[in-house]
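Chemist: Have a look at this prediction, sequence included:
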Amino acid sequence: MRDIILIGMPGCGKSTLGRGIAKKLGREFVDTDIEIERSERRCIPEIFKNRGEKYFRECETQILKKLLGNNYVIATGGGIILKDENVKLMRESGAYILFIDRPPENIVGDVRTSNRPLLASGAERIFGLYKERYEKYVAACDERVLNDKDAKDAIKKIEKLLEKI
């Protein structure tokens, strides 16, 4: 069995969909952001404020290394693909990488941004990040899953993709 890794923008549904898929598959679900907070004993906005994004990205890589190869369903932080090392680690592990593609207008409409450091500046930032990162998500994934409706719809799409592997 392979790890199933969900990548995509903050607020695209990785955690929600990951929990749903893990439950259906009888696998453990892990979220890299939650694991970072546990490891650092502080929340992500505090890590960004006190240590900066570079430090956070290093933590993200270390957590990813610990999680890979355990047959998990893993929801990653939105910026995990910013470090080539992370993409390489995921690829070399044999993980099945799904890009959860939620249109930025949907993210703006239903995501609370106050606890997300890179989205706190508002809608323009979300659209900008989407434009900056889109090609990286596409290049890193095995499959793209459009999440433009509800979670049940996206989970059904993922289940169909998983039947192929």
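Modeler: Sure thing, it's come through.

Chemist: Pull the helix or strand bottoming out on mean pLDDT in the chain out as PDB, backbone CA atoms only.
Modeler: Least confident helix or strand, the chain: helix 104-110 with a mean of 84, by mean pLDDT, DSSP states H and E. What follows is helix 104-110, C-alpha atoms only, in PDB (Å, rounded to 0.1, in the frame of the first residue of the first chain):
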ATOM      1  CA  PRO A 104      -9.900  30.400  -5.300                       C
ATOM      2  CA  GLU A 105     -13.300  32.100  -5.400                       C
ATOM      3  CA  ASN A 106     -14.700  29.000  -3.500                       C
ATOM      4  CA  ILE A 107     -11.900  29.300  -1.000                       C
ATOM      5  CA  VAL A 108     -12.600  33.000  -0.500                       C
ATOM      6  CA  GLY A 109     -16.300  32.300   0.000                       C
ATOM      7  CA  ASP A 110     -16.000  29.600   2.700                       C
END
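
Chemist: Next SSE downstream of that helix?
Modeler: helix 123-140 (DSSP states H and E).

Chemist: Check which residues of that next one are buried.
Modeler: Arg125, Ile126, Leu129, Tyr130, Arg133, Lys136, Tyr137, Ala140 (16 or more other Cβ atoms under 10 Å). Every C-beta, even on glycine, is put in place using the N, C-alpha and C of the backbone.

Chemist: ok, the last one - contacts?
Modeler: With contact set as Cβ atoms under 8 Å, 6 or more residues apart in numbering, Ala140 has these partners: Ile7, Ile81, Val87, Met90, Arg91, Ile97, Phe99.

Chemist: Distance check, it against Leu68.
Modeler: Distance of Ala140 to Leu68, given as Cβ to Cβ, to the nearest Å: 14 Å.

Chemist: Show only the entries of the contacts of Ala140 found in strands.
Modeler: Among these, DSSP state E puts Ile7, Ile97, Phe99 in strands.

Chemist: Look up the closest residue to Ile74, ignoring the ones flanking it.
Modeler: Ile5 (4.7 Å; Cβ to Cβ, 6 or more residues apart in numbering).

Chemist: got a list of contacts for whichever strand or helix holds that neighbour?
Modeler: Per DSSP H and E: Ile5 is located in strand 4-7. Strand 4-7 is contacted from outside by 14, 17-18, 21, 25, 27, 72-76, 78, 80-81, 90, 95-100, 137, 140-141, 162, using Cβ under 8 Å, 6+ apart.
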